[in-house]
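[1] Sequence and predicted structure below; questions after.
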Amino acid sequence: MANFSSLLRRTKELQTEILRLAPYRDIGLVPNPGASAGAIAAVEARIGHRLPPSYREFLAEHDGFPRFFEGATLLGTANLGKRMYDEMARAAFEAAETPVPHLAPPSRVQRAPIVPFGIDLQGTTLFAFNPTLTRADGECEVVAWVNEIGVRRESFTSFLEFVVEMCESELEGYQIPRHSLRQSA
């Protein structure tokens, strides 16, 4: 399994090529500078538990990443755990069939805690940690909702692998098959 730095680098390479072929896409290519250990500790105090080690490491290198994927920003220490993002994530999960049934409206099931770490302005793409499924190494499940498609991944790194796969797939869609070029000549 690749580490998050190499996956972010690969994502940036793919998205740079996507922007070359589709300049209208809303993709940010520059992450923020890293956060201090104190800022990361303040976020953990605000959310009431430790962040997954991979996201802590991400924040130390990049305190957020504007328009990272499908218009959603990876939240930095200034916004993680803020009520506004939690409410937007809850609303998005509750408005549709979600990839995690126990995140349904409280009238059906007790709501589980989630920690949104990425969201777009419309609330159609969001990424959240599901701390109820935390591994022994501290990594926890990621629940993603991308344009009405629900995805669950075992960790932040696994989620980044998903993003790379999605970018590769999108890039393939922009490529003109070589046999089509020969047929039209």
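    Perfect, I can see it now. Numbers count the residues shown, from 1 in each chain.
[2] any idea whether the residue most central in space within the chain is helix, strand or coil?
    Centroid check for the chain by C-alpha atoms, centre = their mean gives Phe127 as the closest residue, at 4.5 Å. At Phe127, secondary structure determined by DSSP: H, G, I helix; E, B strand; the rest coil is strand.
[3] nearest spatial neighbour of it, skipping sequence neighbours?
    What sits nearest to Phe127 in space, not counting adjacent residues and going by C-beta to C-beta, 6 or more residues apart in numbering, is Gly118, at 3.6 Å. (C-beta placed from N, C-alpha, C; glycine too.)
[4] Ramachandran coordinates for the one you found?
    phi -160, psi 140 (degrees, to the nearest 10).
[5] And the helix or strand that Arg90 is a member of, how far out from the chain middle?
    Here Arg90 sits within helix 83-95, counting by DSSP states H and E. Its chain's average C-alpha position is 15 Å from that of helix 83-95, according to C-alpha atoms, centre = their mean, to the nearest Å.
[6] quick revisit: tell me what the residue nearest to the centre of the chain is bridged to.
    Counting by DSSP bridges, Phe127 forms beta bridges with Gly118, Ala144.
[7] wait, what's in contact with it?
    Going by C-beta atoms under 8 Å, 6 or more residues apart in numbering, Phe127 touches 72, 74, 116-119, 142-145, 159.
[8] Equivalent analysis for Val164, please.
    7, 10-11, 14.
[9] okay, and for this structure, where does confidence drop off?
    The chain contains residues with pLDDT under 70 at 1-2, 95-112, 176-185.
[10] show me where it has helices.
    Here the chain has its helices, by DSSP state H, at 4-21, 37-47, 53-61, 83-95, 156-174, 178-184.
[11] Nearest to Gly150, out of those helices?
    Taking C-beta to C-beta, helix 83-95 is the member of the helices of the chain nearest to Gly150, at 9.1 Å.
[12] Show me what the closest one is packed up against.
    Counting contacts by 3 or more C-beta pairs under 8 Å, 6 or more residues apart in numbering; DSSP states H and E, helix 83-95 packs against strand 115-119, strand 125-134.
[13] Name the residues that touch the first one?
    Under the contact criterion C-beta under 8 Å, 6+ apart, strand 115-119 has outside partners 47, 51, 55, 68-69, 72-75, 80-81, 85-86, 88-89, 125-129, 131.
[14] Send me that strand as PDB with only the CA atoms.
    The C-alpha atoms that make up strand 115-119 are tabulated as PDB, following Å, rounded to 0.1, in the frame of the first residue of the first chain:
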ATOM      1  CA  VAL A 115     -16.100  13.600  11.600                       C
ATOM      2  CA  PRO A 116     -16.400  15.400   8.200                       C
ATOM      3  CA  PHE A 117     -12.900  16.100   6.800                       C
ATOM      4  CA  GLY A 118     -13.900  17.100   3.200                       C
ATOM      5  CA  ILE A 119     -16.900  18.800   1.700                       C
END
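[15] Perfect, I'm done here.
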